[in-house]
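**Student:** Sequence unavailable; structure follows:
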Ligand SMILES: [Fe+2]
(Lines give C-alpha, C1' and ligand atoms only; values in the text may rest on other atoms or scores of the structure.)
Protein backbone atom coordinates (compact mmCIF):
# COMPACT_ATOMS: atom_id res chain seq x y z
CA UNK A 1 0.00 0.00 0.00
CA UNK A 2 1.27 3.50 -0.79
CA UNK A 3 1.38 6.28 1.81
CA UNK A 4 -1.45 7.99 -0.01
CA UNK A 5 -3.69 5.04 0.74
CA UNK A 6 -3.80 3.65 -2.79
CA UNK A 7 -4.26 -0.10 -2.87
CA UNK A 8 -4.40 -2.67 -5.64
CA UNK A 9 -6.80 -5.59 -5.48
CA UNK A 10 -6.36 -8.50 -7.89
CA UNK A 11 -9.66 -10.29 -8.50
CA UNK A 12 -9.45 -13.59 -10.42
CA UNK A 13 -12.45 -14.99 -12.27
CA UNK A 14 -13.78 -18.52 -11.80
CA UNK A 15 -10.98 -21.06 -11.27
CA UNK A 16 -11.90 -24.22 -13.21
CA UNK A 17 -10.57 -27.57 -11.99
CA UNK A 18 -6.96 -28.62 -11.44
CA UNK A 19 -5.66 -26.75 -14.51
CA UNK A 20 -7.27 -23.59 -13.17
CA UNK A 21 -5.70 -24.01 -9.74
CA UNK A 22 -2.27 -24.56 -11.25
CA UNK A 23 -2.44 -21.53 -13.54
CA UNK A 24 -3.75 -19.39 -10.70
CA UNK A 25 -0.65 -20.10 -8.60
CA UNK A 26 1.70 -19.33 -11.49
CA UNK A 27 -0.21 -16.20 -12.47
CA UNK A 28 -0.16 -14.77 -8.94
CA UNK A 29 3.62 -15.21 -8.86
CA UNK A 30 4.01 -13.49 -12.21
CA UNK A 31 1.66 -10.66 -11.28
CA UNK A 32 3.48 -10.11 -7.99
CA UNK A 33 6.79 -9.77 -9.82
CA UNK A 34 5.48 -6.60 -11.49
CA UNK A 35 2.73 -5.33 -9.17
CA UNK A 36 2.41 -4.71 -5.44
CA UNK A 37 -0.81 -6.58 -4.67
CA UNK A 38 -2.49 -5.61 -1.41
CA UNK A 39 -5.45 -7.98 -1.68
CA UNK A 40 -6.16 -11.07 -3.78
CA UNK A 41 -9.73 -12.32 -4.24
CA UNK A 42 -10.56 -15.49 -6.17
CA UNK A 43 -13.83 -17.06 -7.26
CA UNK A 44 -13.39 -20.75 -6.49
CA UNK A 45 -16.81 -22.17 -7.28
CA UNK A 46 -15.58 -24.35 -10.17
CA UNK A 47 -12.28 -25.34 -8.59
CA UNK A 48 -13.10 -28.96 -7.77
CA UNK A 49 -13.81 -30.62 -11.12
CA UNK A 50 -15.55 -27.72 -12.76
CA UNK A 51 -18.31 -27.59 -10.16
CA UNK A 52 -18.00 -26.84 -6.47
CA UNK A 53 -15.12 -26.25 -4.11
CA UNK A 54 -13.58 -29.09 -2.13
CA UNK A 55 -11.12 -28.70 0.77
CA UNK A 56 -8.17 -29.51 -1.52
CA UNK A 57 -9.25 -26.82 -3.99
CA UNK A 58 -9.69 -24.31 -1.19
CA UNK A 59 -6.24 -25.14 0.16
CA UNK A 60 -4.67 -24.73 -3.31
CA UNK A 61 -6.33 -21.36 -3.88
CA UNK A 62 -5.27 -20.08 -0.48
CA UNK A 63 -1.71 -21.32 -1.01
CA UNK A 64 -1.67 -19.51 -4.33
CA UNK A 65 -2.14 -16.33 -2.31
CA UNK A 66 -5.87 -15.69 -2.11
CA UNK A 67 -6.95 -13.54 0.83
CA UNK A 68 -10.59 -14.35 0.15
CA UNK A 69 -12.39 -17.07 -1.83
CA UNK A 70 -15.93 -16.66 -3.12
CA UNK A 71 -18.52 -19.10 -4.44
CA UNK A 72 -21.53 -18.93 -6.75
CA UNK A 73 -24.41 -21.13 -7.85
CA UNK A 74 -22.32 -24.30 -7.32
CA UNK A 75 -21.53 -23.29 -3.72
CA UNK A 76 -23.00 -26.43 -2.15
CA UNK A 77 -21.92 -28.93 -4.83
CA UNK A 78 -19.33 -30.40 -2.45
CA UNK A 79 -20.35 -29.96 1.17
CA UNK A 80 -16.96 -31.07 2.45
CA UNK A 81 -16.27 -27.33 2.27
CA UNK A 82 -19.14 -26.76 4.72
CA UNK A 83 -16.96 -26.59 7.84
CA UNK A 84 -14.75 -23.88 6.29
CA UNK A 85 -17.82 -22.02 5.04
CA UNK A 86 -19.15 -21.89 8.60
CA UNK A 87 -15.82 -21.11 10.31
CA UNK A 88 -15.45 -17.37 11.05
CA UNK A 89 -11.66 -17.52 10.61
CA UNK A 90 -11.77 -19.09 7.12
CA UNK A 91 -12.07 -16.42 4.40
CA UNK A 92 -14.49 -18.27 2.14
CA UNK A 93 -18.13 -17.40 1.59
CA UNK A 94 -21.18 -18.24 -0.52
CA UNK A 95 -23.55 -15.78 -2.24
CA UNK A 96 -25.46 -13.62 0.20
CA UNK A 97 -28.91 -13.80 -1.43
CA UNK A 98 -29.66 -17.48 -0.80
CA UNK A 99 -32.20 -18.79 1.69
CA UNK A 100 -31.81 -17.34 5.17
CA UNK A 101 -31.40 -20.95 6.33
CA UNK A 102 -28.54 -21.69 3.89
CA UNK A 103 -25.29 -22.67 5.61
CA UNK A 104 -22.11 -20.65 5.45
CA UNK A 105 -20.93 -17.06 5.68
CA UNK A 106 -22.26 -14.65 3.08
CA UNK A 107 -19.62 -11.92 3.26
CA UNK A 108 -15.95 -12.09 4.06
CA UNK A 109 -13.19 -9.76 5.18
CA UNK A 110 -10.32 -10.03 2.67
CA UNK A 111 -8.08 -7.62 4.55
CA UNK A 112 -8.73 -6.33 8.06
CA UNK A 113 -8.47 -2.61 8.67
CA UNK A 114 -5.88 -1.04 10.95
CA UNK A 115 -3.69 2.04 11.41
CA UNK A 116 -6.47 4.19 10.06
CA UNK A 117 -6.88 2.00 6.96
CA UNK A 118 -10.32 0.58 6.17
CA UNK A 119 -10.93 -3.15 6.02
CA UNK A 120 -11.67 -4.61 2.59
CA UNK A 121 -14.74 -6.87 2.44
CA UNK A 122 -16.24 -8.96 -0.32
CA UNK A 123 -19.96 -9.57 -0.81
CA UNK A 124 -20.91 -12.11 -3.51
CA UNK A 125 -24.38 -12.01 -5.03
CA UNK A 126 -26.20 -14.36 -7.39
CA UNK A 127 -28.11 -12.99 -10.33
CA UNK A 128 -31.71 -14.04 -10.98
CA UNK A 129 -31.95 -13.77 -14.77
CA UNK A 130 -31.43 -17.12 -16.56
CA UNK A 131 -30.05 -18.69 -13.36
CA UNK A 132 -31.26 -22.07 -12.10
CA UNK A 133 -31.12 -21.26 -8.38
CA UNK A 134 -34.11 -19.16 -7.25
CA UNK A 135 -32.07 -16.51 -5.48
CA UNK A 136 -33.51 -13.63 -3.47
CA UNK A 137 -33.58 -10.06 -4.83
CA UNK A 138 -29.85 -9.23 -5.11
CA UNK A 139 -30.38 -5.47 -4.76
CA UNK A 140 -32.24 -5.70 -1.47
CA UNK A 141 -29.85 -8.44 -0.35
CA UNK A 142 -26.87 -6.15 -0.97
CA UNK A 143 -28.41 -3.50 1.27
CA UNK A 144 -28.98 -6.04 4.06
CA UNK A 145 -25.53 -7.55 3.68
CA UNK A 146 -23.79 -4.19 3.82
CA UNK A 147 -25.74 -3.30 6.95
CA UNK A 148 -24.54 -6.58 8.51
CA UNK A 149 -20.91 -5.94 7.50
CA UNK A 150 -21.06 -2.45 9.00
CA UNK A 151 -22.04 -3.93 12.35
CA UNK A 152 -18.64 -5.68 12.38
CA UNK A 153 -16.62 -2.96 10.68
CA UNK A 154 -18.12 0.50 10.41
CA UNK A 155 -15.27 1.71 8.20
CA UNK A 156 -15.39 -1.15 5.68
CA UNK A 157 -14.84 -0.71 1.96
CA UNK A 158 -16.73 -3.27 -0.07
CA UNK A 159 -16.09 -5.16 -3.29
CA UNK A 160 -19.24 -6.70 -4.76
CA UNK A 161 -19.10 -9.79 -6.95
CA UNK A 162 -22.15 -10.29 -9.15
CA UNK A 163 -22.23 -13.96 -10.13
CA UNK A 164 -24.74 -13.88 -12.93
CA UNK A 165 -25.59 -14.80 -16.50
CA UNK A 166 -27.06 -11.55 -17.77
CA UNK A 167 -24.96 -8.55 -18.73
CA UNK A 168 -27.89 -6.25 -17.95
CA UNK A 169 -28.23 -7.47 -14.38
CA UNK A 170 -24.51 -7.11 -13.72
CA UNK A 171 -24.44 -3.61 -15.17
CA UNK A 172 -27.52 -2.62 -13.19
CA UNK A 173 -25.90 -3.82 -9.98
CA UNK A 174 -22.82 -1.68 -10.60
CA UNK A 175 -24.97 1.44 -11.02
CA UNK A 176 -27.14 0.50 -8.05
CA UNK A 177 -24.13 0.10 -5.76
CA UNK A 178 -22.67 3.41 -6.96
CA UNK A 179 -25.89 5.33 -6.37
CA UNK A 180 -26.91 3.60 -3.16
CA UNK A 181 -23.53 3.07 -1.48
CA UNK A 182 -21.07 5.78 -2.63
CA UNK A 183 -17.89 5.78 -0.56
CA UNK A 184 -18.73 2.28 0.64
CA UNK A 185 -18.83 0.01 -2.43
CA UNK A 186 -15.73 0.61 -4.54
CA UNK A 187 -16.03 -2.19 -7.11
CA UNK A 188 -18.69 -4.39 -8.72
CA UNK A 189 -17.27 -7.16 -10.89
CA UNK A 190 -19.09 -9.98 -12.63
CA UNK A 191 -18.30 -13.68 -12.73
CA UNK A 192 -19.98 -16.91 -13.91
CA UNK A 193 -20.01 -16.61 -17.72
CA UNK A 194 -16.27 -17.43 -17.90
CA UNK A 195 -15.67 -15.13 -20.89
CA UNK A 196 -13.88 -11.86 -20.17
CA UNK A 197 -15.73 -8.74 -21.28
CA UNK A 198 -14.08 -5.63 -22.73
CA UNK A 199 -15.97 -3.11 -20.60
CA UNK A 200 -13.74 -2.43 -17.58
CA UNK A 201 -14.49 1.14 -16.52
CA UNK A 202 -15.01 3.52 -13.63
CA UNK A 203 -18.58 4.62 -12.91
CA UNK A 204 -18.63 7.81 -10.88
CA UNK A 205 -20.66 10.57 -9.32
CA UNK A 206 -19.55 13.43 -7.07
CA UNK A 207 -20.11 11.13 -4.11
CA UNK A 208 -18.40 7.95 -5.23
CA UNK A 209 -16.57 5.93 -7.88
CA UNK A 210 -16.94 2.22 -8.56
CA UNK A 211 -14.69 -0.01 -10.66
CA UNK A 212 -16.98 -2.09 -12.84
CA UNK A 213 -16.66 -4.93 -15.33
CA UNK A 214 -19.31 -7.32 -16.58
CA UNK A 215 -17.24 -10.51 -16.41
CA UNK A 216 -13.70 -11.17 -15.25
CA UNK A 217 -13.35 -14.29 -17.39
CA UNK A 218 -12.15 -17.71 -16.35
CA UNK A 219 -8.98 -18.99 -14.76
CA UNK A 220 -8.48 -22.29 -16.55
CA UNK A 221 -8.05 -23.89 -19.96
CA UNK A 222 -8.97 -21.43 -22.69
CA UNK A 223 -9.07 -24.07 -25.46
CA UNK A 224 -12.43 -25.27 -24.22
CA UNK A 225 -16.07 -24.33 -23.97
CA UNK A 226 -16.03 -22.25 -20.78
CA UNK A 227 -13.50 -24.63 -19.23
CA UNK A 228 -14.86 -28.00 -20.41
CA UNK A 229 -13.55 -30.31 -23.12
CA UNK A 230 -14.78 -29.18 -26.52
CA UNK A 231 -15.74 -32.66 -27.79
CA UNK A 232 -17.75 -33.43 -24.65
CA UNK A 233 -19.70 -30.19 -24.92
CA UNK A 234 -20.35 -30.78 -28.62
CA UNK A 235 -21.59 -34.31 -27.86
CA UNK A 236 -23.96 -32.89 -25.24
CA UNK A 237 -25.24 -30.01 -27.31
CA UNK A 238 -25.63 -31.85 -30.60
CA UNK A 239 -27.34 -34.96 -29.19
CA UNK A 240 -29.03 -33.57 -26.03
CA UNK A 241 -28.17 -36.77 -24.18
CA UNK A 242 -26.34 -36.56 -20.84
CA UNK A 243 -22.58 -36.41 -21.31
CA UNK A 244 -19.93 -36.11 -18.63
CA UNK A 245 -18.09 -32.85 -19.31
CA UNK A 246 -14.40 -33.29 -18.53
CA UNK A 247 -12.40 -30.27 -17.41
CA UNK A 248 -10.13 -29.10 -20.24
CA UNK A 249 -6.40 -28.56 -19.80
CA UNK A 250 -5.13 -26.92 -23.00
CA UNK A 251 -3.99 -23.29 -23.08
CA UNK A 252 -4.37 -22.41 -19.39
CA UNK A 253 -4.66 -18.73 -18.56
CA UNK A 254 -5.70 -16.68 -15.57
CA UNK A 255 -8.29 -13.97 -16.21
CA UNK A 256 -9.34 -11.17 -13.92
CA UNK A 257 -8.82 -7.52 -13.16
CA UNK A 258 -6.70 -5.20 -11.08
CA UNK A 259 -8.79 -2.78 -9.06
CA UNK A 260 -7.09 0.45 -7.99
CA UNK A 261 -8.70 1.93 -4.89
CA UNK A 262 -8.00 5.19 -3.06
CA UNK A 263 -8.82 4.15 0.50
CA UNK A 264 -8.66 7.74 1.78
CA UNK A 265 -11.02 9.22 -0.81
CA UNK A 266 -12.95 5.90 -0.66
CA UNK A 267 -13.22 5.75 -4.46
CA UNK A 268 -12.01 3.48 -7.22
CA UNK A 269 -9.36 5.15 -9.36
CA UNK A 270 -8.74 2.47 -11.98
CA UNK A 271 -9.52 -0.99 -13.30
CA UNK A 272 -7.38 -3.02 -15.70
CA UNK A 273 -8.41 -6.39 -17.07
CA UNK A 274 -5.72 -9.03 -17.34
CA UNK A 275 -5.22 -12.36 -19.11
CA UNK A 276 -2.07 -14.05 -17.85
CA UNK A 277 -0.47 -17.02 -19.62
CA UNK A 278 2.44 -17.73 -17.27
FE1 LIG B 1 -21.33 -20.08 -11.69
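**Tutor:** All right, it came through fine. The structure presented is a predicted model; accordingly, all values stated were derived computationally and were not measured. Numbers count the residues shown, from 1 in each chain.
**Student:** Residue 39 against residue 108, yeah?
**Tutor:** No. Using CB atoms under 8 Å, residue 39 is not in contact with residue 108; the gap is 11.4 Å. (C-beta placed from N, C-alpha, C; glycine too.)
**Student:** Return every residue with contacts to both of these two.
**Tutor:** Both residue 39 and residue 108 are in contact with residue 68, where contact means CB atoms under 8 Å, 6 or more residues apart in numbering.
**Student:** hey, where'd the strands end up in the chain?
**Tutor:** Taking DSSP state E as the criterion, the chain carries its strands at 6-12, 39-43, 68-70, 92-93, 108-111, 120-126, 157-163, 185-191, 201-204, 209-213, 220-221, 252-262, 267-276.
**Student:** nearest to residue 243, of those?
**Tutor:** strand 220-221 (17.5 Å; CB to CB).
**Student:** so for the closest one, what's the average pLDDT?
**Tutor:** Strand 220-221 comes out with an average pLDDT of 98.
**Student:** Same check on stretch 156-170?
**Tutor:** Per-residue scores along stretch 156-170 average to 98.
**Student:** first to last residue in that stretch, what's the distance?
**Tutor:** 22 Å (CA to CA, to the nearest Å).
**Student:** show me where pLDDT drops low in the chain?
**Tutor:** 1-3 (pLDDT under 70).
**Student:** switch the cut-off to 90
**Tutor:** For the chain, the stretches flagged by pLDDT under 90 are 1-4, 100, 115-116.
**Student:** pretty sure residue 95 is in contact with residue 74, am I right?
**Tutor:** No. Here residue 95 does not reach residue 74: they are 10.5 Å apart, not a contact under CB under 8 Å.
**Student:** Counting neighbours, go ahead and name the busier of the two.
**Tutor:** residue 95 (29 against 21; other CB atoms under 10 Å).
**Student:** how about the more buried one, what does it touch?
**Tutor:** 71-73, 75, 106, 124-126, 135, 163.
**Student:** swap the cut-off to 10 Å and go again
**Tutor:** Shown in contact with residue 95 (CB atoms under 10 Å, 6 or more residues apart in numbering): 45, 70-73, 75, 102, 104, 106, 123-127, 133, 135-136, 138, 141, 145, 161-164.
**Student:** Find the nearest non-adjacent residue to it, please.
**Tutor:** residue 126 (4.3 Å; CB to CB, 6 or more residues apart in numbering).
**Student:** what's the neighbour count on that neighbour?
**Tutor:** 27.
**Student:** Make sure residue 8 is actually in contact with residue 270.
**Tutor:** Yes. The pair residue 8 / residue 270 is scored as a contact, 8.9 Å apart, by CB atoms under 10 Å.
**Student:** Overlap of the contact sets of the two?
**Tutor:** 258-261.
**Student:** circling back to that earlier point, make a markdown table out of the strands of the chain and add distance to residue 19.
**Tutor:** Formatted as a markdown table, the strands of the chain follow (distance: least, CB to CB, whole Å):
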| stretch | distance to residue 19 |
| --- | --- |
| strand 6-12 | 14 |
| strand 39-43 | 15 |
| strand 68-70 | 18 |
| strand 92-93 | 21 |
| strand 108-111 | 25 |
| strand 120-126 | 23 |
| strand 157-163 | 21 |
| strand 185-191 | 18 |
| strand 201-204 | 30 |
| strand 209-213 | 23 |
| strand 220-221 | 5 |
| strand 252-262 | 5 |
| strand 267-276 | 14 |
